[in-house]
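# test case, fold it:
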Amino acid sequence: MFARVPGVRAEYREEPCRVALNRVRGMSFRWSLNPYMGCVHQCTFCYVRAFELRADRPPDDRYGQSIRVKVNVADVLARELARPGWTYEPVAVGAATDPYQPAEGRYRLTRRCLETLARASNPFSLITRGPLVVRDVDVLQEAARRAEVSVNFSVPTLDEEVWRRTEPGTAPPRQRLRALKRLVDAGIRAGVGMAPILPGLSDRPEQLAEVVKAAREAGATHLWANVLFLRPGTREHFLAALAHDWPEELERYERLYAGRAYLGNDVRRPVQQQVDELRRHFAIADRRRAPLAPAGPPEQLALAV
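You can find the predicted model right below:
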């Protein structure tokens, strides 16, 4: 079945799923849950583009124009959580697509999944760029009374130009921080993921400090950071966008990522050390060991869709 969400130029395929929980390897969490497949945010650096390429799906501008809506995902999740062998391991909600992208306003699948996790007293964390999460404060509060719950807002930068060009379909970063404050005020553990930090574009000391300071002012309970990585699929799309928006940076990126997807320690560590120093200065906890705070690149998220 095909449907359309008002105001969003995407095709929505309403399809049942056979599995809700997906086993993940290479990350600091073992299970993920994605009520949707595909994302309309159109972030130029999205790592999921790499997995789209590996699955023989288009990773370019066509990604995000067709969204799979797993209409029965909450019912399937309830059955999986009720299995005798389930050991109530933490579940990462939104590891491969934003659970609060615009479609959630209509379908409410993420809300239903959170209600299911709450009834099962199962710990979970979620990551989003969508302020719509504040709609579900009541569910998050109930879940937090039963198990460990945390919310992570992706806020790579507060630089207006960088945000507009690299995250064209997302809500403004400061709007996300206002949503974070509402959750924290409601007693929900909510923090900031500064990822991905872009060399030469969003890694200047004053840019990093601006994000960490704003996170502290919003009441963030934790903060973590990671730099950009470019695997095939993501690499081609990001570099094409870079050539259009910041052509003067293209040579630098081709050199930095020549023959590799991940930055060398000479570039990566200084950035992470700066963020760590800022985090300590502003007295924000480091949650890199939290279920959704990546301990390393998401190598196996292809299994999480």
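# output the below-cut-off pLDDT ranges for the protein.
For the chain, the stretches flagged by pLDDT under 70 are 1-8, 53-55, 287-305.
# one more pass at 50, please.
Scanning the chain for pLDDT under 50 picks out the ranges 1-8, 289-305.
# could you pull out the strands for the stretch 201-305 of the chain?
Ranges of strands in the stretch 201-305 of the chain, per DSSP state E, counting those that start in this stretch, are 222-227, 285-286.
# now the stretch 51-200 of the chain
Under DSSP E, counting those that start in this stretch, the stretch 51-200 of the chain gives strands at 66-70, 91-93, 124-128, 149-154, 189-197.
# reformat these as JSON lines; add mean neighbour count and distance to residue 56.
For every residue, glycine as well, the C-beta is placed using N, CA and C. JSON lines is the format used below for the strands of the stretch 51-200 of the chain (neighbours: other C-beta atoms under 10 Å; distance: least, C-beta to C-beta, whole Å):
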{"stretch": "strand 66-70", "mean neighbour count": "21", "distance to residue 56": "14"}
{"stretch": "strand 91-93", "mean neighbour count": "26", "distance to residue 56": "25"}
{"stretch": "strand 124-128", "mean neighbour count": "25", "distance to residue 56": "26"}
{"stretch": "strand 149-154", "mean neighbour count": "25", "distance to residue 56": "27"}
{"stretch": "strand 189-197", "mean neighbour count": "25", "distance to residue 56": "25"}
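# let's have these in JSON lines, adding distance to residue 180.
As requested, the strands of the stretch 51-200 of the chain are exported to JSON lines (distance: least, C-beta to C-beta, whole Å):
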{"stretch": "strand 66-70", "distance to residue 180": "25"}
{"stretch": "strand 91-93", "distance to residue 180": "16"}
{"stretch": "strand 124-128", "distance to residue 180": "10"}
{"stretch": "strand 149-154", "distance to residue 180": "5"}
{"stretch": "strand 189-197", "distance to residue 180": "5"}
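# residue 32 and residue 100, how far apart?
Residue 32 sits 15 Å away from residue 100, going by C-beta to C-beta, to the nearest Å.
# distance from the longest helix along the chain to the middle of the chain?
Ranked by residue count under DSSP state H, the longest helix found in the chain is helix 265-281. On the basis of C-alpha atoms, centre = their mean, to the nearest Å, helix 265-281 sits 21 Å off its chain's mean C-alpha point.
# show me what counts as buried in that helix.
Neighbour-count burial for helix 265-281 flags 268, 271-272, 274-276, 278-279 (criterion: 16 or more other C-beta atoms under 10 Å).
# now these as JSON lines including distance to residue 15?
Below are these laid out as JSON lines (distance: C-beta to C-beta, whole Å):
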{"residue": "268", "distance to residue 15": "39"}
{"residue": "271", "distance to residue 15": "40"}
{"residue": "272", "distance to residue 15": "40"}
{"residue": "274", "distance to residue 15": "44"}
{"residue": "275", "distance to residue 15": "40"}
{"residue": "276", "distance to residue 15": "43"}
{"residue": "278", "distance to residue 15": "44"}
{"residue": "279", "distance to residue 15": "41"}
